[in-house]
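Colleague: Any chance you can model this:
(2 chains)
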Amino acid sequence: MIFFATPGSDPAARIAGRNAAQETVQAIRKDFGFDKPLPVQYAIMMKKLFVTRDLTSFVNRGLEVVPQVMRAAPITLSLVFGAAVLWVFGSIAVGVLAAMYRDTVIDKGLMILALIGVSMPVFWLGELMNLVSQSRFHDTWLFSWVPGLGYKPFFDGPWMWFKTLVIPWFTLAALYIGIYGRVLRANLVEAYQEDYVRTARAKGLSPGRVMLRHALRMSMIPFVTMFGLDFGVLVGGAALLTEVVFGLNGVGRLTYQAMLNLDLPMILATVMYASFFVVVTNAIVDIIYVVIDPRVRGH
Amino acid sequence: MEKSANAPLLDVQGLSVSFATDRGRVKAIDDVSFRVEKGEILSIVGESGSGKSVTLLSLLGLNDPKTTFVDGSVAFQGKRLLELPDRALRRLRGKEIGLISQDPMTALTPVYTIGWQIAEQIRTHENVSKKAARLRAVELLASVGLPNPNEAVDRYPHQLSGGMRQRAVIAMALSCSPSLLVADEPTTALDVTVQAQVLDLLLKLRDEFGSAIILITHDMGVVAEVADRVHVMYAGRMVEKGTTTEVFDQPMHPYSWGLMASIPPLFGEKPARLPSISGMPPTPQQAPTGCGFAPRCRFARPECEARPPTRRDGDHSALCVLDGAERAAARRAVLGHEVDA
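Modeller: Below is the predicted model:
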């Protein structure tokens, strides 16, 4: 809507794309109701997106937009879900181990690894992984199982689906394991200064139980907040670099190409999709809060 | 390591604690010795930073072992606590020695019900079912005077008031019937009427459970009310030890005089300003090698530069050069008629 209300820009011409014929622009203006008031324009646009789902991309010779997003969504979802599972478990393992062995070699080593994980650009790590698994060592026993780049649908064979995604998952997760591991360690170290951890230790609980049931349990609250934000944004298309490097035609890549071509209908659809997931993950995070933190339950 | 019938429950000899800091080791506790008999209430008084809490936490092994160095010997029921391996120490913690901490607001993990937290401790030390542990938790909550214990077990800490939470913490400390309860300023965070209830509760529980209690406080009123014996701590040392009557009626150390003088008189005219001890207690870094109180003491003299001698009067003792008639005269100068009366 903001696009349409911006003075000095003709939305019809924008939608038609660069070098569009004058007749096309006129047709679009009539079709989208750009000669009508803004609320009507909004209603028409929403109808095209959600009800009739016939919003078409003029840049791409009349390709319908919604089915494209629907085709890209499972790819992005597979990528981000798998990576999320990895990074949740990975970062909890890193954070807990580092906090339990605070100030020892284990702690320092893990924190250096985490820092490396944070600092490696995803596209660089991805290309490196490709170089190693697709070309250099592809013929050795180590990586001969790695299929070619690209996405294989889950229902065509879960095992193939898994094999194509394992390396992208690790690549995407590396950054987040690093960030979350470091943040979690800091939270845990802080929790060990708290009275309730002292109480737990004074009760005679084992160090593992003090860590997992008391310190980690409390640190999960900020962890979930962070997770919700990052997960929503990634599903919404921020996994672009990983998608491009591994030839996965996900939503991130779709948005990226739409922007390159100034394909406004496509951008509209992907932005809608992204906001949908940001809202959904935030709602889920709020529900998880109620489960893990009794203090937010109303009484 | 023989266990005779008249051995004290807890015997601490020459306990020293130092912390590693950026500027080398700093001594927080210097050569502290005391004993606790079965079923008695020993009160340790002193101002903030005098090392009361550090003393007790190091007994329980709750200080960070990487930055804290503990020396001396601590015998509990004939077991040497400081040399005990972690696993064995954990079996004593919570079972034989219960800790009641200072601030009930933060002492409980916020995400579990109090019943769960009490049951957790019981199940750590005893092989009982979840159901049995929960029933015990209800009984304990009832015995510490929580109204409606059946409902209270399923409450989260944030749903209870400060006094209720402290009762829950006490119930938890008592859950395995420990022979020693360590209470670190249990009433400081509570308002006055609740303080009185909690103290009554501690006295009642001592009689019911027969636990000895080490009560750390800086409130002389609390001490006078409940303690059998009083130890006064100042700058990491026990400057005076004696029974409550001895310490209140015939205090031996100038620091104790200062504490007594700062209690408002119950009878007679109220002074416009209560007497106070001028200056601040030393931090562990700047504590003098001699008497720690000398810089603030009216009766300081050159001998105070050296480590003060222990003056004894039966079981009542103090770390101070003052003795005999001189001490009596000095005490009269500070406390006036109150002591003679």
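
Colleague: what are the phi and psi values for B:L322?
Modeller: Backbone torsions for B:L322, taken as degrees, to the nearest 10, come to phi -60, psi 140.

Colleague: make that B:E185, sorry
Modeller: For B:E185, the backbone dihedrals (degrees, to the nearest 10) come out as phi 50, psi 60.

Colleague: give me every residue that touches the residue nearest to it when sequence neighbours are not counted.
Modeller: Leaving aside its sequence neighbours, B:E185 sits nearest to B:Q102 (C-beta to C-beta, 6 or more residues apart in numbering or on different chains; 4.3 Å). Using the backbone N, CA and C atoms, a C-beta is placed for each residue, glycine as well. Under the criterion of C-beta atoms under 8 Å, 6 or more residues apart in numbering or on different chains, the neighbours of B:Q102 are A:D195, B:S53, B:D184, B:E185, B:P186, B:T188, B:A189.

Colleague: ok, so of these, who is nearest A:D54?
Modeller: Distance to A:D54 across the contacts of B:Q102 (C-beta to C-beta) is lowest for A:D195, with 61.8 Å.

Colleague: sorry, back to before: out of the contacts of B:Q102, give me the one that has the most neighbours.
Modeller: Within the contacts of B:Q102, B:P186 tops the neighbour count with 28 neighbours, counted by other C-beta atoms under 10 Å in any protein chain shown.

Colleague: For B:L42, which three-state class applies?
Modeller: In three-state terms, and counting by DSSP: H, G, I helix; E, B strand; the rest coil, B:L42 is strand.

Colleague: Report the beta-bridge partner residues of it.
Modeller: B:I214, B:R229 (DSSP bridges).

Colleague: Roughly how far does it sit from A:R198?
Modeller: Note on B:L42: its distance to A:R198, by C-beta to C-beta, to the nearest Å, is 21 Å.

Colleague: go on, B:S143?
Modeller: From B:S143 to A:R198 the distance is 24 Å (C-beta to C-beta).

Colleague: ok, which stretches of the stretch 201-341 of chain B are strands?
Modeller: Under the criterion DSSP state E, counting those that start in this stretch, the stretch 201-341 of chain B contains strands at B:212-217, B:229-234, B:237-243, B:310-313, B:316-319.

Colleague: Make TSV out of those strands and add mean pLDDT and mean neighbour count.
Modeller: Output for the strands of the stretch 201-341 of chain B, formatted as TSV (pLDDT from 0 to 100; neighbours: other C-beta atoms under 10 Å in any protein chain shown):
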stretch	mean pLDDT	mean neighbour count
strand B:212-217	92	24
strand B:229-234	93	25
strand B:237-243	92	24
strand B:310-313	87	14
strand B:316-319	90	22
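
Colleague: Would you tell me which of those strands gets closest to A:L175?
Modeller: Set against A:L175 and scored by C-beta to C-beta, the strands of the stretch 201-341 of chain B come closest in strand B:212-217, at 48.2 Å.

Colleague: Just want the angle from that closest one to strand B:229-234.
Modeller: For strand B:212-217 against strand B:229-234, the angle by axes from the mean of the first three to the mean of the last three C-alpha atoms, to 10 degrees is 40 degrees.

Colleague: and the residue nearest to A:A269 when sequence neighbours are not counted, how many neighbours?
Modeller: Distance criterion C-beta to C-beta, 6+ apart; nearest residue to A:A269, sequence neighbours excluded, is A:V65 at 4.5 Å. By the criterion of other C-beta under 10 Å, A:V65 has 26 neighbours.

Colleague: Touching, A:V65 and A:I267? I think so.
Modeller: No: the criterion here is C-beta atoms under 8 Å, and A:V65 misses it with A:I267 at 9.4 Å.

Colleague: And for residue 137, the neighbour number?
Modeller: Assuming you mean chain A. The number of residues packed near A:F137 is 14, by other C-beta under 10 Å.

Colleague: should've been chain B
Modeller: Using other C-beta under 10 Å, B:A137 has 27 neighbouring residues.

Colleague: contacting residues for B:C291?
Modeller: With contact taken as C-beta under 8 Å, 6+ apart, B:C291 is in contact with B:C297, B:A300, B:C304, B:R307, B:P308, B:L319, B:C320, B:V321.

Colleague: near chain B, anything from stretch A:207-214?
Modeller: Yes: residues of stretch A:207-214 are located near chain B by C-beta under 8 Å from any C-beta of the partner chain, namely A:P207, A:R209, A:R213, A:H214.

Colleague: Noted, bye for now.
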